[in-house]
Structures are given as structure tokens and as C-alpha cells.
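Trainee: following is a predicted model, sequence given first.
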Amino acid sequence: MAESSIARALTQALNIQDSTLGLRPELDADYSFIADLYAEVRHDELAPVPWSDQAKREFLDAQCRLQHDHYIKHYLGADLLVITRGERSIGRIYARTTAAEIRLMDIALCGDERNKGIGERLVRTLQAEAAKLAVELTLHVEPTNPAQRLYQRLGFRLIENRGVYDFLGWPEAAAERIS
């Protein structure tokens, strides 16, 4: 599979920040890592639920599988990329480019890799690619997700509240056209 222009741009941006960072296409063999990352990111959401740790993990594994299957079915041609530091997998970024938009489907980093500017670098790179292509950059994010602050700082605007998710768009004009 040929590397997409988005994957190339994201890889270059990471290498500028830190030469040990990289991206590679997600493989079936990565699913265990993806499930562990999903569980780590969602851990706090389940903290108040009075289930055993095993029940919580089984629930999170099922949710991860449903999400993954949804992405494969509904986002054909998407870049499903694993973020690496050296040989170690440290996160994922999923994005799909169409004639109308770049959709940031998901971005997640392991806890010890958060707040180091990696996510911001990746989102800024997607913004630059969207600007080059003259398309919108859109994403869904939970209203209480701490990443909301980053998205606001980077100029994303609320297009629509979709229940458990806010649908955000960049540039600002994107929200005005859709509203």
C-alpha cells in the first residue's frame, strides 16, 4: 500500500519535532496495542461504575472492537496509523481525506506520551494539509474531553452538538457554511 500524502506530512512533522517519533500503517498484529490504548484512554470514564476490573476491561474491549469495525466499514481509504517512538507503539491517529474534508477520526496517545506536543503537532499538520487542499478539517470529541482546550486554541469551532459528541470544524468558515 502506497503511503498517502497525509501520512507523509504527519511523519515529516513528527520527525522535525523528534527524530525518534514516526508513523506506520496499523496492522492486524497491532490490535492488542489498540485495545490496550483504548482501555487506557477510557479508564477514567468507567471509574465510577461499580463493575469489577475484569468486567470493565471486557466492556472496553467490546467497545474498541465495535469502534474499529465501524471505522473499517464507514471510512474506506482512511489512514489508520500507529504513532511510534523508536520501535515502541505510543499512540494512534486515524484520518480520512475526501474531496470535501479531512476527518480526524481519532487521535490517542499513551499516558506517558501526552502533554509533550505530539498531538498538537499532528493536528497542526492536518490543518496545514486541509489548507493546502482547501477543505475543512473536522472531528468529533466529547464535550468533557481535555482535548477541547487544544482544539479551541487551534481555532476549531462547534458545528453541531451530536449528543455525546461535539462535531468541530476548522477553519472558522467551515462552521458558518454548515450552520
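Mentor: Cool, the structure landed.
Trainee: can you give me the helices in this protein?
Mentor: 5-17, 31-46, 53-74, 118-133, 147-153, 172-178 (DSSP state H).
Trainee: run the angle between the longest one and helix 31-46 for me.
Mentor: Compare the direction of helix 53-74 with that of helix 31-46 by axes from the mean of the first three to the mean of the last three C-alpha atoms, to 10 degrees and you get 120 degrees.
Trainee: for helix 53-74, buried residues please.
Mentor: 56, 57, 60, 64, 68, 71 (16 or more other C-beta atoms under 10 Å). Placement of C-beta: from N, CA and C, glycine included.
Trainee: could I get these in CSV, plus columns for pLDDT and distance to residue 27?
Mentor: CSV is the format used below for the buried residues of helix 53-74 (pLDDT from 0 to 100; distance: C-beta to C-beta, whole Å):
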residue, pLDDT, distance to residue 27
56, 97, 27
57, 96, 23
60, 97, 21
64, 97, 16
68, 96, 13
71, 96, 15
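Trainee: pick the one among those closest to residue 10.
Mentor: For the buried residues of helix 53-74, the closest approach to residue 10 (C-beta to C-beta) belongs to residue 71, at 17.2 Å.
Trainee: ok, now which ones touch the closest one?
Mentor: Going by C-beta atoms under 8 Å, 6 or more residues apart in numbering, residue 71 touches 78, 80, 94, 105, 106.
Trainee: possible to save the residues you listed as JSON lines with distance to residue 164, pLDDT and neighbour count?
Mentor: JSON lines is the format used below for the contacts of residue 71 (distance: C-beta to C-beta, whole Å; pLDDT from 0 to 100; neighbours: other C-beta atoms under 10 Å):
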{"residue": "78", "distance to residue 164": "21", "pLDDT": "96", "neighbour count": "19"}
{"residue": "80", "distance to residue 164": "23", "pLDDT": "97", "neighbour count": "21"}
{"residue": "94", "distance to residue 164": "18", "pLDDT": "98", "neighbour count": "19"}
{"residue": "105", "distance to residue 164": "16", "pLDDT": "97", "neighbour count": "21"}
{"residue": "106", "distance to residue 164": "15", "pLDDT": "96", "neighbour count": "22"}
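Trainee: where does pLDDT dip in this structure?
Mentor: 1-2, 172-179 (pLDDT under 70).
Trainee: show the contacting residues for residue 128.
Mentor: The contact partners of residue 128, taken as C-beta under 8 Å, 6+ apart, are residue 9.
Trainee: if you set the cut-off to 6 Å instead, what comes out?
Mentor: The contact partners of residue 128, by C-beta atoms under 6 Å, 6 or more residues apart in numbering, come to none.
Trainee: would you mind measuring from it to residue 153?
Mentor: Plainly put, residue 128 is 16 Å away from residue 153 if you go by C-beta to C-beta, to the nearest Å.
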